[in-house]
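Colleague: Here is a sequence with its predicted model. Questions after.
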Amino acid sequence: MKHKGVVLFFLFVPFFLFAQNETELIKKIKSKLDQVNDYQASGMLKIDVSFIKAPNSVIKVYYKKPDKFTIKKEGGISILPKGGFGANLNSIFITDKYTIVPAGETTLNNVKVKIIKLLPLEENSNVVITTLYIDEKELLVKKSVITTKENGTYQIELAYGKYSNWGLPDTVVFVFNIKEYKLPKGVTVEYESGDKKSKINPDENKKGKVEISYSNYIINKGIPDSFFGK
């Protein structure tokens, strides 16, 4: 029995050390993102869904710590999840009430990344699990896969450029399953395109993709709360 306890100890210690390392990594990511108190950004929104004929839209994106986020564009409406999940990486780290689980390593675009899973501790959380793919050297989240109770599983891919020191991406690609994505009862998302309107059929078992390409950010210049509405 004594030998068995020793074996279990040596099996447990490496996992504990790995978990400690991942916890420190998450803290560093959060610290990097915490540099940004607010921003406004200009960009281009592209919707790639087979049955929606939507032109690319010029947009303005606004964020204020901890959870105020909005996208403004002329015509149509955004089909991003409520609260900006996906487009706004900060939303993942609003709470620290989750268990951090190491999940190995892989490569994305020839870059080695660590895989970390976040399991929410709150029973009423809409998020079931978040999987992060992190460039440890640059302290950047390159990809996340989020499973929710209401909107199924969606994936976010992020590419960085001159704003990487702030943890802010140049491009965000949000991919979701139309059938799993929760839409308003009885209708759908409508997007104005000329004189015609296209509707999403919620029964379609297809992928939708939304891409935001940012051209510039204005960081930490202050945005009043009233700007975000209720």
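Modeller: Arrived safely, thanks for sending. Numbers count the residues shown, from 1 in each chain.
Colleague: Name the residues that touch the biggest strand by length in the chain?
Modeller: Looking across the chain with DSSP state E, the single longest strand is strand 207-219. Contacts to strand 207-219, defined as CB atoms under 8 Å, 6 or more residues apart in numbering, come from residues 36, 38-49, 59, 61, 78-80, 87, 163, 166, 168-178, 181, 200. Backbone N, C-alpha and C define where each C-beta goes, glycine included.
Colleague: partners of that strand in the sheet?
Modeller: Sheet pairing of strand 207-219 (DSSP bridges) gives strand 38-48 (antiparallel), strand 171-177 (antiparallel).
Colleague: Quick check: next helix or strand after the longest one?
Modeller: Later in the chain than strand 38-48, the nearest helix or strand by DSSP states H and E is strand 57-64.
Colleague: name the helices or strands packed onto that following strand?
Modeller: Applying 3 or more CB pairs under 8 Å, 6 or more residues apart in numbering; DSSP states H and E, we find strand 57-64 packed against strand 38-48, strand 68-73, strand 207-219.
Colleague: Adding distance to Y154 and mean pLDDT as columns, could you present those in a markdown table?
Modeller: Shown next, in a markdown table, are the helices and strands packed on strand 57-64 (distance: least, CB to CB, whole Å; pLDDT from 0 to 100):
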| stretch | distance to Y154 | mean pLDDT |
| --- | --- | --- |
| strand 38-48 | 14 | 90 |
| strand 68-73 | 16 | 84 |
| strand 207-219 | 9 | 91 |
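Colleague: So for D225, which of the ones you listed sits nearest?
Modeller: Taking CB to CB, strand 68-73 is the member of the helices and strands packed on strand 57-64 nearest to D225, at 7.0 Å.
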